[in-house]
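Q: what follows is a predicted structure for the sequence shown.
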Amino acid sequence: MELPAWKLGISAFRPALFIGLYHPLDWLAFLLHRGARTAVWCGGDVLAVQERPRWGRLLTRAKGVRHICENGVEQKALSQLGIGAEILPLIFTPFVFGESPFIPSTQPQVYLTAHPGREKEYGVPLLAAVAQLLPDFTFHIYGVRGAGTEPPNVQFHGAVGEGRFNEEIRRYHGAIRLNAFDGFAETLAKSALLGQYPMSAIHYPHITHIPTRKDLLRALLALQKKKAPNLEAKEFWRRELQFNLESLIRG
């Protein structure tokens, strides 16, 4: 995101891209900028504005703004704030997808990311409970540490670098995203681009929708029967993410 407008000088009148609007300083910089503005809403920032309705009203009044979000859940919440946003799922970090390394298995490995202190929001307790019912699966959880009471087929990796994460997930079979309110997670994008079978509580094309625990169990059991990489999802998201990024750049 660009610096606050009062520090920009002449650049305050140039087009600016704001990725994530989480705090009053973000909102102030956005409102003071004099050039064309594009706001990319990432999930938690929508909730932050909901909690500050006065700021929300100010953001609604901003003219000449292109608002972008990444799914229908965000779009609905922004609409309730009076902000009309187009849906463009995005991934900003470079990721080499190449040929799919997916190898079918009756003992699948799946993965989830979470943040410390927000384990319930990211579905860690739910995944640990489901793991007890599926001993043939291995559940990898990144970003947090376990309590030590989880079943043995749940492996916690804590915080790891992106390079290590990208390398390790190549051996797995699908990412799981259980957040009820969220942006388009990079884990889902990477899983699709690897030819895996990602699953999400929020609906996306060519990603298995798992709004309930029953749906999650059904999707996991189906994973044992997959005989080939998910090339349909891989190709769809390769094209979609490239097109969306180009659309964002074009403005």
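A: Happy to help now that I have it. Residues are numbered from 1 along each chain as shown.
Q: if you count neighbours, what's buried in stretch 158-176?
A: Within stretch 158-176, the residues that count as buried by 16 or more other C-beta atoms under 10 Å are Phe165, Asn166, Ile169, Tyr172, His173, Gly174, Ala175, Ile176. To be clear about C-beta, it is placed using only N, CA and C from the backbone, and glycine gets the same treatment.
Q: give me the subset of the residues you listed lying in strands.
A: Mapping the buried residues of stretch 158-176 onto strands (DSSP state E) picks out Gly174, Ala175, Ile176.
Q: ignoring the adjacent residues along the chain, who's closest to the residue nearest the centre of the chain?
A: For the chain, the residue sitting closest to the mean C-alpha position, by C-alpha atoms, centre = their mean, is Ala185 at 1.3 Å. Nearest residue to Ala185 in three dimensions, chain neighbours excluded: Arg177, at 4.9 Å (C-beta to C-beta, 6 or more residues apart in numbering).
Q: let me know the pLDDT of that neighbour.
A: Per-residue confidence at Arg177 stands at 98 (pLDDT).
Q: same question, the one 10 residues further on
A: Here, the pLDDT recorded for Thr187 equals 96.
Q: quick one: contacts for it?
A: Tyr111, Leu112, Thr113, Ile169, Ala175, Arg177, Pro198 (C-beta atoms under 8 Å, 6 or more residues apart in numbering).
Q: got it, and Phe137?
A: Taking C-beta under 8 Å, 6+ apart as the test, what Phe137 contacts is Gln107, Pro108, Gln109, Val110, Ala131, Asn153, Leu220.
Q: from the residues you listed, which is closest to Pro89?
A: Val110 (20.7 Å; C-beta to C-beta).
Q: quick one: the closest one is in a strand?
A: Yes. Val110: assigned to a strand according to DSSP: H, G, I helix; E, B strand; the rest coil.
Q: list the buried residues of stretch 54-66.
A: Under 16+ other C-beta under 10 Å, the buried positions of stretch 54-66 are Trp55, Gly56, Leu59, Val65, Arg66.
Q: quick check: the last one touching Thr38?
A: Yes. The pair Arg66 / Thr38 is scored as a contact, 4.5 Å apart, by C-beta atoms under 8 Å.
Q: which neighbours do the two share?
A: Joint contacts of Arg66 and Thr38 (C-beta under 8 Å, 6+ apart) are Gly251.
Q: how near is the nearest residue to Lys226 once chain neighbours are set aside to Val110?
A: With sequence-adjacent residues excluded and distances taken as C-beta to C-beta, 6+ apart, Lys226 is closest to Pro104, at 5.6 Å. Separation of Pro104 from Val110 (C-beta to C-beta, to the nearest Å): 14 Å.
Q: looking at these two, which one has more neighbours?
A: Val110 (26 against 13; other C-beta atoms under 10 Å).
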